[in-house]
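Participant: coords please:
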Amino acid sequence: MLSIDSSAPALKLARRNLALNGVEAGRAEWLEADVFGALRKLRAEGRQFDFVVLDPPKFAPTPKDAERAARGYKDINLNALKVLRRGGLLATFSCSGGVSSSSRKSSPAPPQTPACRSYFASATALRRTTRCASSFRKAST
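Facilitator: Numbers count the residues shown, from 1 in each chain. Purely as a prediction, here's the structure:
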């Protein structure tokens, strides 16, 4: 298992959670890095994974960030798919308050979320079979 996060405190918390769940520390690798660069490096090293989970921070906090966020989702999903073994599973999550629910619903379902749209675009480019499940839930503040 490899955990990548740009936040040292988040990795420390993940290590603690691993121990609390009785998982041997030797079964995990920890990498404090920018995930975009880390995924490219993993691909260059020929690393492959059976299961990849992407849970990036909010890419579009405001509507003016939506276009940049779409590029970010496409990039992160494409690079994750490139380190995913054929038949592997990719779980990708997004929290982009700046992308309105009306714009998400304007595309055919699925994909409805920015992450799903970028995932499908990336998977299509790599000729991968895909499925996307999505749900919309407004986070309480």
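Participant: How many neighbouring residues does the closest residue in space to C95 that isn't next to it in sequence have?
Facilitator: Distances taken as CB to CB, 6 or more residues apart in numbering put K58 closest to C95, at 4.9 Å, once the chain neighbours are dropped. Bear in mind the C-beta positions are built from the backbone N, C-alpha and C, glycine included. Using other CB atoms under 10 Å, the number of residues around K58 comes to 15.
Participant: what helix or strand is the nearest residue to A14 once chain neighbours are set aside on?
Facilitator: Taking CB to CB, 6+ apart as the measure, A14 lies nearest to S3, with 5.4 Å between them; neighbours along the chain are not counted. Per DSSP states H and E: S3 is located in strand 2-5.
Participant: which is the next helix or strand following that strand?
Facilitator: Once strand 2-5 ends, the next helix or strand along the chain (criterion: DSSP H and E) is helix 8-20.
Participant: Could you list the residues in contact with that next one?
Facilitator: Where contact means CB atoms under 8 Å, 6 or more residues apart in numbering, the residues beyond helix 8-20 that reach it are 3, 5, 25, 28, 30, 32.
Participant: Go through those residues and name the one nearest G72.
Facilitator: Minimum distance to G72 across those is 16.1 Å, recorded for D5 (CB to CB).
Participant: ok, now which ones touch that closest one?
Facilitator: D5 makes contact with 11, 14, 31-32, 35 under the criterion CB under 8 Å, 6+ apart.
Participant: what about the longest helix in this protein?
Facilitator: For the chain, the helix that runs over the most residues, judged by DSSP state H, is helix 66-82.
Participant: Quickly run through the sheet partners of the helix or strand just after that helix, with directions.
Facilitator: Sequence-wise, the next helix or strand beyond helix 66-82 is strand 84-92, with elements assigned using DSSP H and E. Sheet pairing of strand 84-92 (DSSP bridges) gives strand 49-54 (parallel).
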